[in-house]
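In: predicted model follows, preceded by the sequence.
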Amino acid sequence: MIRLTRLNHLPLVLNADLIEHIDVTPDTVITLTTGQILRVRETADEVVRRIVEFRRLIFGAPGEPAETPKLQEEPD
């Protein structure tokens, strides 16, 4: 799961395994395997970076144990 931001500034947590493709039009438009379309504030490069970071966190590099993800605390 990766954290993104909708165009209206609302947070979104997305299952990255559902991403079919990402378009830049100039907004970042994510099409899911379900056919749903999401527009987010992050650039396509940032979305890809977050996916890679998440997968490294979960699967780890070969020979390294995977880390437990830390939950982000909400500010008061």
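Out: That came through, no problem. Residues are numbered from 1 along each chain as shown.

In: my read: residue 51 touches residue 1, true?
Out: No. At 10.2 Å, residue 51 does not count as touching residue 1 under the criterion of CB atoms under 8 Å. The way it works is simple: take the backbone N, C-alpha and C, and place the C-beta from them, glycine included.

In: so which of those two has more stuff around it?
Out: residue 51 (16 against 11; other CB atoms under 10 Å).

In: how about the more buried one, secondary structure?
Out: Following DSSP: H, G, I helix; E, B strand; the rest coil, the label given to residue 51 is helix.

In: how about it, what does it touch?
Out: 2, 16, 19 (CB atoms under 8 Å, 6 or more residues apart in numbering).

In: of those residues - the most surrounded one?
Out: Neighbour max across the contacts of residue 51 (other CB under 10 Å) = residue 2, 20 neighbours.

In: now residue 59. Its backbone dihedrals?
Out: phi -90, psi -20 (degrees, to the nearest 10).

In: quick one: low-confidence parts of this protein?
Out: 61-76 (pLDDT under 70).

In: so which residues of it form strands?
Out: 2-5, 11-14, 19-24, 28-32, 37-40 (DSSP state E).

In: export the contacts of residue 51 to a markdown table and tack on distance to residue 46?
Out: Shown next, in a markdown table, are the contacts of residue 51 (distance: CB to CB, whole Å):
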| residue | distance to residue 46 |
| --- | --- |
| 2 | 10 |
| 16 | 13 |
| 19 | 13 |
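
In: of all these, which comes closest to residue 39?
Out: Minimum distance to residue 39 across the contacts of residue 51 is 13.5 Å, recorded for residue 19 (CB to CB).

In: tell me the contacts of that closest one?
Out: 30-33, 47, 51.
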